[in-house]
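A.B. asks: A predicted structure for the sequence below; I have some questions about it.
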Amino acid sequence: MIQADNLSKKYGSDFALRQVSFDIGRGEIVGLLGHNGAGKTTIMKILTGFLEPTTGQVRIGGHDLAQNRRKVQEIIGYLPENCPVYPEMSVIGYLDYCASLRNLGEPEKKRRIREVLEMTGISDRAFDRIDTLSRGLRQRLGVAQALLHEPELLILDEPTNGLDPTQIGHMRQLIKELAPRATIIISTHIMQEVQAVCDRVIIIRDGEKVLDESLETLKESRSVSVALDVDNASDILEALPFVQAVRVDRGKGLSRYSLEIKGDAPDITPEIADTIMQNNWKLFELTPESRDLETIFSETMMSSGRMQ
C-alpha cells in the first residue's frame, strides 16, 4: 500500500527527517512511535501530500505521490492532531460540508454521512452543535470526516491525545473496528496505544527510523543482561550463537551489556558464562530481561542504546 524510500526533510541546515524508508501492506495497522518532535508529524504531512520531502520518494496505492498528488489524496483519510472543526456548525452540517469538499454526489453524500455517524457512534448527536461535544466526541467526529470517502488509507495523528480513560477505550475500539476497511497508520508518543491496536511499530528518534518490527516478533524477543568490569566485550558477546545484537551502557568501572536473543533460541546462559570465564572477565550480574515494548522504546531513545 505504501512504499517510502529514503525520505528526508531539511529546514536550513537542520534535518527534521533523515533517510527514512518503510513499506506498509494493505490491511496493516502500524504505530508510528516517538517522542514529541521526533519527526512523526513530518512523516504524516509528507504521506498526505501537505509537505514535500527534500529528498526521497513515496508511492501510495501504486501512485507516485509527487506525480499524482491529487489521486493519492483521494484515497487517504486524515485526522490531524488538532482536527479543524467549526464549533458553531452542527455535526451533520460539518460532515455535509466535508463531503462536499470531497465532491461526493447528493445520494452518496447522504448515505456516507449516515454510515460514518453510525460507525463512529455519534448518530444521536447528529444535530447538536460541535461546541457542545466533549473532546472525545470531537475526536470521533474527526474520524468520521476522514472516513466519508471510504479511504484505502487512514492516517490518525495522536488520536487519543487529551482524552480521558473511557474516551481512550472507545477510540481504541473504533480503530479496531475500522481495520478491515483500510490500512491504518497511528502516530503517537504513547506506547499503550500501539500495544492496544497495532500489528507493527516503527520507532522514530531524532528524525531517524531506529526500529521497524511486528509486535508479535517483539513479544517473542528475549534478552539477557550482563554486568562486567570490561567495556570492550561487545564483539565477543555478539559472536555467540543465537545473539542478534548487543547494546552496552558504560559506567565507571562497570559496563552493562544487553544481549538480544533470537525468539526460538534455547537457553544460552551457560554459553555466556563460559565465554566470561574464558576471557577472565569479572561478572557482577547475569539475569534475563523483560523485553516489552516499553523496554525496547526506552533502549532506542537512549543515545548509549545504539547498536554496538
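C.D. replies: Looks like it arrived, so ask away.
A.B. asks: the helix or strand harbouring residue 288 pairs with which strands, parallel or anti?
C.D. replies: Here residue 288, judged by DSSP states H and E, is contained in strand 283-289. Sheet pairing of strand 283-289 (DSSP bridges) gives strand 222-228 (antiparallel).
A.B. asks: look up how far residue 139 lies from residue 164.
C.D. replies: When distance is defined by C-beta to C-beta, to the nearest Å, residue 164 is 11 Å away from residue 139. To be clear about C-beta, it is placed using only N, CA and C from the backbone, and glycine gets the same treatment.
A.B. asks: who has more neighbours out of the two?
C.D. replies: Comparing residue 164 with residue 139 by neighbour count (other C-beta atoms under 10 Å), the higher total belongs to residue 139, at 26 against 12.
A.B. asks: tell me if I'm right that that one and residue 163 touch.
C.D. replies: Yes: between residue 139 and residue 163 there is a contact at 6.5 Å, judged by C-beta atoms under 8 Å.
A.B. asks: shared neighbours of those two, anything?
C.D. replies: Common contact partners of residue 139 and residue 163 (C-beta atoms under 8 Å, 6 or more residues apart in numbering): residue 171.
A.B. asks: neighbours of residue 121, just the number please.
C.D. replies: Other residues close to residue 121 by other C-beta under 10 Å number 15.
A.B. asks: OK, contacts around it?
C.D. replies: So residue 121 contacts 140, 170, 174 (C-beta under 8 Å, 6+ apart).
A.B. asks: so can I have TSV of those showing neighbour count and distance to residue 224?
C.D. replies: What follows is the contacts of residue 121, written out as TSV (neighbours: other C-beta atoms under 10 Å; distance: C-beta to C-beta, whole Å):
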residue	neighbour count	distance to residue 224
140	25	45
170	19	40
174	18	40
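A.B. asks: before we move on, the earlier item: what comes up buried for the strand holding residue 288?
C.D. replies: 286, 289 (16 or more other C-beta atoms under 10 Å).
A.B. asks: buried ones in the following helix or strand past it, by neighbour count?
C.D. replies: Sequence order places helix 293-301 as the next helix or strand after strand 283-289, per DSSP H and E. Going by neighbour count (16+ other C-beta under 10 Å), the buried part of helix 293-301 is 293, 296, 297, 299, 300.
A.B. asks: kindly report the domain assignment for the protein.
C.D. replies: Taking automatic domain parsing as the reference, the chain has its domains at 2-217, 221-305.
A.B. asks: excluding its backbone neighbours, what's nearest the most centrally placed residue in the chain?
C.D. replies: With distances taken as C-alpha atoms, centre = their mean, residue 32 lies nearest the centre of the chain, 1.5 Å away. Leaving out its chain neighbours, the residue that sits closest to residue 32 by C-beta to C-beta, 6 or more residues apart in numbering is residue 187, at 4.4 Å.
A.B. asks: same question for residue 286.
C.D. replies: residue 226 is the one closest to residue 286 (C-beta to C-beta, 6+ apart), at 5.4 Å.
A.B. asks: any idea how far that neighbour is from residue 5?
C.D. replies: Look at residue 226 and residue 5: by C-beta to C-beta, they are 38 Å apart.
A.B. asks: over to residue 64?
C.D. replies: Note on residue 64: its distance to residue 5, by C-beta to C-beta, is 11 Å.
A.B. asks: how about low-confidence regions in the stretch 1-150 of the chain?
C.D. replies: Within the stretch 1-150 of the chain, no stretch has pLDDT under 70.
A.B. asks: show me where it has strands.
C.D. replies: Secondary structure of the stretch 1-150 of the chain by DSSP state E, counting those that start in this stretch: the strands cover 2-11, 14-24, 29-33, 55-60, 63-64, 76-79.
A.B. asks: could you dump these to a markdown table with distance to residue 158?
C.D. replies: Output for these, formatted as a markdown table (distance: least, C-beta to C-beta, whole Å):
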| stretch | distance to residue 158 |
| --- | --- |
| strand 2-11 | 19 |
| strand 14-24 | 17 |
| strand 29-33 | 10 |
| strand 55-60 | 21 |
| strand 63-64 | 27 |
| strand 76-79 | 9 |
